[in-house]
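> Turn this into a model:
(chains A and B)
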Number of protein chains: 2
Amino acid sequence: MYYRLFLILFSLFLGGPLYAQEVEQWGRFELILREKSPKNAFTRVTLTAEFSTGDTTYAVSGFYDGNDTFKIRFMPQKTGKWTYRTTSSIAGLNNRKGTFTCVKATKGNFGIVRVSDTYNFSYANGKAYYPFGTTAYAWTHMGKGTQEITLSTLKKSGFNKLRMCVFPKNYELVKEEPELFPFTVRELKKDAAGKDQVVWDFDTFNPAFFQHLEKRVDDLDKLGIEADLILFHPYDKGRWGFDAMPNEVNIRYLNYLIARLASYKNVWWSVANEWDYVKSKTVEDWDLLAKTIARNDPYGHLCSIHGATATYYDYRNPAFTHVSIQDETPVQSPNAAAMLRHIYHKPIISDEVGYEGNLKSRWGRYSPEEMTYLVWNGVLGGTYVTHGECYMVNPSDTIFWAKGGEFKGTSWKRIAFLRTILEAFPTPLRLSDVSRDNVTATAGDGYYLVYFGKHMMENWLFNLPAKNDVYKKLTAGVRFKVELIDTWDMTIQTHPQLFETASENDYRLFDKELKKVKLPLKPYMALRITEIK
Amino acid sequence: MYYRLFLILFSLFLGGPLYAQEVEQWGRFELILREKSPKNAFTRVTLTAEFSTGDTTYAVSGFYDGNDTFKIRFMPQKTGKWTYRTTSSIAGLNNRKGTFTCVKATKGNFGIVRVSDTYNFSYANGKAYYPFGTTAYAWTHMGKGTQEITLSTLKKSGFNKLRMCVFPKNYELVKEEPELFPFTVRELKKDAAGKDQVVWDFDTFNPAFFQHLEKRVDDLDKLGIEADLILFHPYDKGRWGFDAMPNEVNIRYLNYLIARLASYKNVWWSVANEWDYVKSKTVEDWDLLAKTIARNDPYGHLCSIHGATATYYDYRNPAFTHVSIQDETPVQSPNAAAMLRHIYHKPIISDEVGYEGNLKSRWGRYSPEEMTYLVWNGVLGGTYVTHGECYMVNPSDTIFWAKGGEFKGTSWKRIAFLRTILEAFPTPLRLSDVSRDNVTATAGDGYYLVYFGKHMMENWLFNLPAKNDVYKKLTAGVRFKVELIDTWDMTIQTHPQLFETASENDYRLFDKELKKVKLPLKPYMALRITEIK
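The predicted structure is shown next:
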């Protein structure tokens, strides 16, 4: 929104800026240069620019956008006056200079998301960001109508991250032929069976494909959703061959994507989905591709790689800002989730733990209660868990996880509810007494979240661990308010009594009168316990 | 045993060998050189030897053993004729040459233990080695009587690994003053409070200390027990200062230890216990010490480092052959244990998960049932779990975990029983259907171990996962024998019926008549399921 108007105004002066423009922090400055292009400008023209303010300089790559149009995009993060100067192998694009002013971010623009305090995330402006993501792998490759429905579905949800593939998907449940492709067609051949076979011109990107992707990334940004872009995936199976391009093409593709999209503040890079299923690439290839991104992205967007079940990449690799895994085990208990924090010392996102749905495949048929339960387990352990939905009742159903469309499930509402609980705490969660207490998380001195999972109880003897992880130990005489959270019915009720800790008794502190909290003998209950100061 | 006689014979020829000696594989060749020593031979004399056979050459350090005696020890692994030649800064020790013959290992000598198939261990002769360890941190620093009792206790146990500290231990439950120290005394001072304070001469090792340690390592070897030597630990607290020596001394100590003990085939290096509690050392220090060992140990003995609860070192470091952790979480379920395999791709040993006992500290008061249960969980997940025992009924009790002595608990017998079960399988265990099935481990095609943990059942519908990890999928028409294992009562009963798989049904294979296995409605039951071929 904030840069739209600017772009329109700016595009009127195609020869370059005539006066200093204004761009807000984490907004987008775009320099558009019209110049007669040689044959295949994608491979034969180099174009970069240096953007500077004070001591700060960024080197940014431009790109060819077709139709004799070259662009350089930049995301300023510091307010003040910026100057730029281009360098190019083409005289007309070389040594173009200009200035613009970066102004303070306006309401609703919190900046790029970064790692914060080792295990968590925050926006650049300091606001905490708790990733509550969902999955719609191929949504941008569907018909326009479905894409619009997807956006309205996301708008009413509480999700703030979306896992989505750059390349189209060829999978049992997603067979649609996309309208746009990232490369242009070199020739059409017949394969051995007489079927049409496209031979791609890997030297020639299709700007329309990327323009469409950009529009969708911007659409997500307007909804406050981070676009977790999956750059490679195995769901191709010889149909287009985008999973088996030579590394020279892979690297050119990554650099083109970075030149086009790194200035979009809500972009994350997911080097691959199920990397270990991509038979044409080795771990060395993935390392190279991850390094290419880390080296060439001027802003250091969040970056990870995602394997199949229980396949853990070496996330110690500094190219990866966080851990993005597929595994059910870590969300089987808060302790198991927390173990990954202790091993990697990076934020942990379980980006697939199975999905709510009714598919035949076991990964796509969790009950909504189970999906919600697994998200809670992971969150209690100080990690994050991504949702997905796989309902197919009629053959025409889009299955949100694959094509987007509408939600048919019910866990998404509970996850939005959990997000509000997290956002109300002063700090992110972590387990209070690691490996010993599997139900109590802390959000700082005097803030606890206790989750009973599947255990049903009529009442619970008020007790908290003495240990409170990195915070100070709990002492006697602290008074607490207790709220009963029904994580399924999404209600929060304040318990009529207050509680006050007695002295530590065998690692725990009980209420001084051994008072109990009344519970409704239902599963999925939680308690928010807050010190009264 | 096999080298004892040799040593006695050999020592008669102090000037060097007069004829070719025989040493068996993984036995010990010892060259003893008498030479007038300069003042402090420990720091001022260099002595190494090259041992060669065919294309193979080892560079081995010698050491000063006091009393004008220098020694070079070597563990030959290849049979055949070996030659050696010494190099020294002292003329009399330089260019000493000789030969010996390495003969085939005799019965009971399986060789050094090494990593095998990524996740497991085997002896050098190919025999599988399943680590079933226990803990007696300070046993070699106790009175001789206690040490002998410890050895007889171990002899009747099923343990084949012992965690033990090189340095003495100063801890609430272990206060005894040792008879021997690794360094000699430089001076005795009075501290501020008028108490005697020893100032160690870090330039002068005390050979008697190390000779005693060597004897104990050999004693363990005779019992088939690997000595997991803990090289540094935090349980000193200013009493002796061995946890806070400068790195120059740490490195000299490691090299002296390697020169003396690397030829002992049953030695493992545990760089530290609870490394994160050693306040005087940084991660860089530990990396340096680990690297020192990896670089200077000619044989590449097993090496790891052990942190406090849930403190995971970077075990990807190539200096570490395996993962040695302290954490309860991985043994809370087989899946959680297996997760560590998937992350580290090295053998996993949970070297502390808490101990059976009756201490006040929560890590030292597990019931024997709980200790056994945690070991089973870890083993089912394809990892290994170390036992420890912490009973203190009378103040004079030695607490095996600390001082050795006698076992008072009962889990050790169950762990020995589990070891026999593992050793009867053709291959080590791994989960059949990772992250999905939390009860079924496989030991290859047609071999399963199912463990129900705390679940009590009257019967169990026979069913196995179709997936069998790296082995071939289970198919219809396979006939199985089922044995009911009571892991607590240590009984194995063959089920009267045979079972035969029907076709795969939703990822599982049931008996074709849906037959059930009768169970005794008790916890801690397991099934050994074996194909009838």
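> those strands in the stretch 51-200 of chain A, which residues are they?
Along the stretch 51-200 of chain A, the segments classed as strands by DSSP state E, counting those that start in this stretch run A:56-64, A:69-74, A:80-88, A:97-103, A:113-116, A:120-123, A:128-129, A:133-135, A:161-165, A:183-190, A:196-205.
> for the fifth one, packing partners?
To tie it back to what came earlier, the one meant is strand A:113-116. When contacts are defined as 3 or more C-beta pairs under 8 Å, 6 or more residues apart in numbering or on different chains; DSSP states H and E, strand A:113-116 packs onto strand A:120-123. (Glycine included, C-beta is placed from N, CA and C.)
> And A:Leu31, which helix or strand is it part of?
When secondary structure is defined using DSSP states H and E, the element that contains A:Leu31 is strand A:29-34.
> Alpha carbons of that strand, in PDB - could you do that?
As requested, C-alpha coordinates have been extracted for strand A:29-34 and formatted as PDB (Å, rounded to 0.1, in the frame of the first residue of the first chain):
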ATOM      1  CA  PHE A  29      12.400   1.800  -3.700                       C
ATOM      2  CA  GLU A  30      12.300   0.800  -7.300                       C
ATOM      3  CA  LEU A  31      14.400   2.300 -10.000                       C
ATOM      4  CA  ILE A  32      13.000   1.500 -13.500                       C
ATOM      5  CA  LEU A  33      15.400   1.900 -16.400                       C
ATOM      6  CA  ARG A  34      14.300   1.600 -20.000                       C
END
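> which strands and helices sit next to that strand?
With contacts defined as 3+ C-beta pairs under 8 Å, 6+ apart, the packing partners of strand A:29-34 are helix A:4-11, strand A:69-74, strand A:80-88.
> tell me which residues in that strand are buried?
With burial defined by 16 or more other C-beta atoms under 10 Å in any protein chain shown, the residues of strand A:29-34 counted as buried are A:29-33.
> Same check on stretch A:298-316?
Neighbour counts using 16+ other C-beta under 10 Å place A:298-299, A:301-307, A:309-313, A:315 of stretch A:298-316 among the buried residues.
> Sort out for me which of those residues are in strands.
A:303-304 (DSSP state E).
> The buried residues of stretch A:298-316 also near chain B: which ones?
The subset of these within reach of chain B, counting by C-beta under 8 Å from any C-beta of the partner chain, consists of A:309-312.
> Which SSE is immediately downstream of the lowest-mean-pLDDT helix or strand in chain A?
For chain A, the helix or strand with the lowest mean confidence is helix A:4-11, at a mean of 45 (criterion: mean pLDDT, DSSP states H and E). Stepping forward along the backbone from helix A:4-11, the first helix or strand reached (DSSP H and E) is strand A:21-24.
> Buried residues, that next one. List them.
Under 16+ other C-beta under 10 Å, the buried positions of strand A:21-24 are A:21, A:23-24.
> number of nearby residues for the nearest residue to A:Leu519 once chain neighbours are set aside?
For A:Leu519, ignoring the flanking residues on the chain, the nearest one in space by C-beta to C-beta, 6 or more residues apart in numbering or on different chains is A:Met457 at 4.8 Å. Neighbourhood size, A:Met457 [other C-beta atoms under 10 Å in any protein chain shown]: 16.
> Spell out the secondary structure type for A:Met457.
Per DSSP: H, G, I helix; E, B strand; the rest coil, the secondary structure class of A:Met457 is coil.
> isn't it right up against A:Leu521?
Yes - A contact is recorded between A:Met457 and A:Leu521 when judged using C-beta atoms under 8 Å, the distance being 6.7 Å.
> Look at the residue lying closest to A:Glu328 once chain neighbours are set aside and report its pLDDT.
Nearest residue to A:Glu328, sequence neighbours excluded (C-beta to C-beta, 6+ apart): B:Ser435, at 4.6 Å. In the predicted model, B:Ser435 carries a pLDDT score of 96.
> show me the residues around B:Ser435 that make contact.
Contacts were defined as C-beta atoms under 8 Å, 6 or more residues apart in numbering or on different chains; by that measure B:Ser435 touches A:309-310, A:327-329, B:335, B:338.
> Tell me the one among those residues nearest to B:Leu188.
Nearest to B:Leu188 out of the contacts of B:Ser435 is B:Ala338 (C-beta to C-beta; 53.8 Å).
> Can you list the helices and strands that the stretch of helix or strand the closest one belongs to packs against?
B:Ala338 belongs to helix B:334-344 when assigned by DSSP H and E. Using 3+ C-beta pairs under 8 Å, 6+ apart as the contact criterion, the neighbours of helix B:334-344 among helices and strands are helix A:334-344, strand B:323-326, strand B:348-352, helix B:368-380, strand B:430-431.
> Next, format those as JSON lines and append mean neighbour count and distance to A:Gly409.
Rendered in JSON lines, the data for the helices and strands packed on helix B:334-344 read as follows (neighbours: other C-beta atoms under 10 Å in any protein chain shown; distance: least, C-beta to C-beta, whole Å):
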{"stretch": "helix A:334-344", "mean neighbour count": "26", "distance to A:Gly409": "22"}
{"stretch": "strand B:323-326", "mean neighbour count": "27", "distance to A:Gly409": "38"}
{"stretch": "strand B:348-352", "mean neighbour count": "26", "distance to A:Gly409": "37"}
{"stretch": "helix B:368-380", "mean neighbour count": "23", "distance to A:Gly409": "33"}
{"stretch": "strand B:430-431", "mean neighbour count": "26", "distance to A:Gly409": "30"}
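> looking at those, which is closest to A:Phe425?
Go through the helices and strands packed on helix B:334-344 one by one with C-beta to C-beta and the one that ends up closest to A:Phe425 is helix A:334-344, at 15.7 Å.
> Stretch A:206-217: which residues count as buried?
Of the residues in stretch A:206-217, A:206-207, A:209-210, A:212-214, A:216-217 count as buried by neighbour count, 16+ other C-beta under 10 Å.
> Identify the residues contacting it?
With contact meaning C-beta under 8 Å, 6+ apart, stretch A:206-217 is reached by A:64-67, A:139-140, A:147, A:164, A:166, A:180-184, A:227, A:229, A:256-257, A:260-261, A:264, A:266-267.
> For A:Lys522, the count of nearby residues, please.
Neighbourhood size, A:Lys522 [other C-beta under 10 Å]: 13.
> For it, give its distance to A:Ser116.
As defined by C-beta to C-beta, to the nearest Å, A:Lys522 lies at a distance of 35 Å from A:Ser116.
> try A:Lys169
Where A:Ser116 is concerned, A:Lys169 sits at a distance of 32 Å (C-beta to C-beta).
> do A:Leu223 as well
Noted for A:Leu223: a distance of 22 Å to A:Ser116, by C-beta to C-beta.
> Report the contact partners of A:Thr420.
A:Gly158.
> so A:Asn459 makes contact with A:Pro520?
No - because the distance of 9.9 Å does not satisfy C-beta under 8 Å, A:Asn459 is recorded as not touching A:Pro520.
> So which residues on chain A come close to chain B?
By the criterion of C-beta under 8 Å from any C-beta, the positions of chain A lying close to chain B are A:309-312, A:314, A:316, A:327-330, A:332-333, A:335-336, A:338-339, A:342-343, A:362, A:434-436, A:438, A:506-507.
> got the residue ranges for the strands in the stretch 351-500 of chain A?
For the stretch 351-500 of chain A, applying DSSP E, counting those that start in this stretch gives strands covering A:356-357, A:384-385, A:389-390, A:430-431, A:440-442, A:447-451, A:459-461, A:463-465, A:479-486, A:491-494, A:499-500.
> Turn those into a markdown table, columns for mean pLDDT and distance to B:Ala128.
Below are those laid out as a markdown table (pLDDT from 0 to 100; distance: least, C-beta to C-beta, whole Å):
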| stretch | mean pLDDT | distance to B:Ala128 |
| --- | --- | --- |
| strand A:356-357 | 98 | 43 |
| strand A:384-385 | 98 | 38 |
| strand A:389-390 | 98 | 42 |
| strand A:430-431 | 98 | 37 |
| strand A:440-442 | 98 | 41 |
| strand A:447-451 | 98 | 42 |
| strand A:459-461 | 98 | 47 |
| strand A:463-465 | 98 | 41 |
| strand A:479-486 | 98 | 50 |
| strand A:491-494 | 98 | 55 |
| strand A:499-500 | 98 | 54 |
